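Pasted the sequence and its predicted model underneath.
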Amino acid sequence: MRRTIGVNTWVWTSPLDDGSLRELAAKAAGMGFGAIELPVEQPGDWSPDAAAEVLAEHRLAPVVIGAMGPGRNLVAAPGSEVVATQNYLVHCVKVAERLGSRVVAGPFTAATGRTWRMDAEERAGRYGELRSALAPVVRQAEERGIRLAIEPLNRYETSLVNTVEQALEALGPLLGPGLGLALDTYHLNIEEKHVGDAVRAAGEHVAYVQVCGNDRGAVGDDHFDWPAFLDALDDVGYPGPLGLESFTGENATIAVAASVWRPLAATQDELAARSIHFLNELQNEREPR
């Protein structure tokens, strides 16, 4: 199965605004990307109406990405904070509807970087809280034809949902047309015993896929087994984009949040170009002769 290759604007900048979106959409399209991930860090950073025009001009498929910054929590938080986070997620859903994105992806559980120890009883309780907080958002997403895609994160970025198995446990009753999983190769590489088995366990619930090298750099010049990963995606019938998500260390906020302490390529353009070249070549090799 041949998939569209997308790229997150975080490769180059944070936060996104209308001016940088115009520039980066042209750059992404010129490099051959067919989709673009648009992070909603704060509502109002960029205009969905303007974005829709820019993406149509460059024939880029939109993917809306949510960011769980400090104070965005659906569990173990004051009720006002949970409600504010729900409202933020509904805003992301409405942005996706305006743009024509069928998915809103992100680690929609607790603030990224928030960790604490839990015994089995507390974890079960927190998963119950998570389902209760997500349920009204999932309903609104499904009514609008949007699917939330919740991303398991590595152990250093959350203690709540690290693996596909945990995600299935935490979200099980809600999984369906309004809710699936977002799988990121960076986190899979850290947390899963066998990446292919984890993808297959997620099965029909795979709603979105993000890719990068195991060091958060370019795809392909790393130790990750990319052919086996695409085999697993074929097995579960995932037809969607592969979205390159990496980060620039030139922005202090995002560098600290993503632990980007050194350059991951000579330039961010090179990181993106190497990634799309590798993925296109790999897909070419896999096409029937």
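Alright, I've got the coordinates.

C-alpha only now, for contacts and for neighbours.
Fine.

quick one: contacts for R139?
Counting by Cα atoms under 8 Å, 6 or more residues apart in numbering, R139 makes contact with G178.

Sticking with it, tell me its helix or strand.
Using DSSP states H and E, R139 sits within helix 120-143.

Could you do A228 as well?
With DSSP H and E as the criterion, A228 is inside helix 226-236.

residues in contact with the first helix or strand past that helix going along the chain?
Sequence-wise, the next helix or strand downstream of helix 226-236 (DSSP H and E) is strand 242-244. Strand 242-244 is contacted by residues 3-8, 35-37, 208-212, 272, 275 when judged by Cα under 8 Å, 6+ apart.

hang on, isn't I150 packed against L181?
Yes. Contact criterion Cα atoms under 8 Å: I150 and L181 qualify, at 4.7 Å.

the more surrounded of those two?
Comparing I150 with L181 by other Cα atoms under 10 Å, the one with more neighbours is L181, at 28 against 24.

and that one, helix, strand or coil?
Assigned by DSSP: H, G, I helix; E, B strand; the rest coil, the conformation of L181 is strand.

Could you measure from it over to D17?
For L181, the distance to D17 equals 27 Å [Cα to Cα, to the nearest Å].

likewise Q283?
Distance from Q283 to D17, by Cα to Cα: 33 Å.

Likewise for V90?
Applying Cα to Cα to V90 and D17 gives a distance of 20 Å.

Next: W116.
Distance, W116 to D17, using Cα to Cα: 34 Å.

For the two, indicate the residue with more neighbours.
Set W116 next to D17 and count neighbours by other Cα under 10 Å: D17 wins out with 17 against 8.

wouldn't that one be in contact with D45 here?
Yes. Counting by Cα under 8 Å, D17 does reach D45; the two are 5.4 Å apart.

Would you mind listing where the stretch 151-289 of the chain has pLDDT under the threshold?
289 (pLDDT under 70).

Could you pull out the strands in it for me?
In the stretch 151-289 of the chain, the strands defined using DSSP state E, counting those that start in this stretch lie at 179-184, 206-211, 242-244.

Of the ones you listed, give the one that comes closest to E157.
Between E157 and the strands of the stretch 151-289 of the chain, the shortest gap by Cα to Cα is with strand 179-184, which sits at 13.3 Å.

Report the separation between the nearest residue to A198 once chain neighbours are set aside and A52.
What sits nearest to A198 in space, not counting adjacent residues and going by Cα to Cα, 6 or more residues apart in numbering, is V164, at 6.1 Å. Between V164 and A52 the distance is 33 Å, computed by Cα to Cα.

Specify which residue of the two has the higher count of neighbours.
Each of V164 and A52 has its neighbours counted (other Cα under 10 Å); V164 has more, 26 against 17.
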